[in-house]
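Peer 1: what would the 3D arrangement of this be:
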Amino acid sequence: MNWDWQAPMAEAKKVVVGVSGASGALLAFQVMEMLSSLASVETHLVVSSAARLTLAHEIGPDAEARLRELSDHVHDIGSLGAPIASGSFPVHGMIVTPCSMRTLAAIATGMTDNLLTRAADVQLKERRRLVLLTRETPLHLGHLRNMVTATEMGAIIMPPVPAFFHRPTSVEDIVRHIAARGIDALQLPVATQATAWRGLDQSNSEAAT
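Peer 2: Numbering: from 1, shown residues only. Predicted structure coming up:
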């Protein structure tokens with residue numbers, strides 16, 4: 001008997017990328033560039049109204065259009081009927097980059113008044129990965145309490161704090177590493193994106209003493 005059977009191709013993992021109005025538009029670009037390079041990932045982008053202003057100010061007037069070109073699917077911030085607004089739509093996880101304190105507060109309190117915060121709420125209720133690159137400093141008690149609340153609900157709070165063990169030589173190096181760490185936190189079935197700590201070699205150990 002001849003079996004003409006082939007295993008089905010693995011479906012691309014859907015990832016929602018939310019961009020809020022906090023400073024750090026380069027983080028959004030780097031995350032989108034890295035995700036778009038992964039053939040096994042399908043991106044769904046949603047940009048807040050405030051983020052449009054930040055993108056234009058920090059990168060340029062064509063920034064939002066360029067960001068949209070990197071995404072497989074783009075959803076309007078007010079489109080609460082979009083697929084990513086429902087838990088029945090199979091999504092691997094979501095990353096908000098950068099995540100403003102307003103967006104953090106909305107997520108922590110379940111205020112789903114736009115598609116970004118609704119999509120984030122869906123990740124939490126469906127027990128999926130939600131990574132928040134929270135961007136603010138210094139932090140007051142309300143910020144900290146919202147971070148604790150979001151963490152208790154299942155979110156991963158990941159302030160974009162730069163690492164220096166990989167010896168960055170430019171802002172781009174720092175942004176790239178932070179974005180890679182954010183993507184790694186999603187635990188996609190892909191190779192690790194960030195440069196990993198390998199331990200101190202003998203020369204570094206001597207330099208550190």
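Peer 1: skipping its backbone neighbours, what lies nearest Met147 in space?
Peer 2: Ile157 (4.8 Å; C-beta to C-beta, 6 or more residues apart in numbering). C-beta: built from backbone N, CA, C; applies to glycine.
Peer 1: what does the pLDDT read for the one you found?
Peer 2: Ile157 is assigned 98 on the pLDDT scale.
Peer 1: tell me the bridge partners for it.
Peer 2: Beta bridges link Ile157 to Leu132, judged by DSSP bridges.
Peer 1: give the contact list for Ile97.
Peer 2: Not Ile; residue 97 is Thr. When contacts are counted by C-beta atoms under 8 Å, 6 or more residues apart in numbering, Thr97 touches Val17, Gly18, Val19, Gly24, Leu27, Ala28, Val31, Val131, Leu133, Ala179, Gly182.
Peer 1: test my guess that the fifth one contacts Ala180.
Peer 2: By that I understand Leu27. No - contact status for Leu27 versus Ala180: not in contact, 10.9 Å apart, counting by C-beta atoms under 8 Å.
Peer 1: and the two? which has more neighbours close in?
Peer 2: Leu27 (23 against 17; other C-beta atoms under 10 Å).
Peer 1: any idea where the strands of this protein begin and end?
Peer 2: 13-19, 41-47, 73-75, 93-99, 129-134, 156-157 (DSSP state E).
Peer 1: out of those strands, which one sits most buried?
Peer 2: Stretch with highest mean neighbour count among the strands of the chain: strand 93-99 (a mean of 28; mean count of other C-beta atoms under 10 Å).
Peer 1: quick one: strands adjacent to it?
Peer 2: Partners of strand 93-99 in the sheet, by DSSP bridges, are strand 13-19 (parallel), strand 129-134 (parallel).
Peer 1: could you give the angle of the longest helix seen in the chain to strand 41-47?
Peer 2: Using DSSP state H, we find that the single longest helix of the chain is helix 171-185. Using axes from the mean of the first three to the mean of the last three C-alpha atoms, to 10 degrees, the direction of helix 171-185 lies 110 degrees away from that of strand 41-47.
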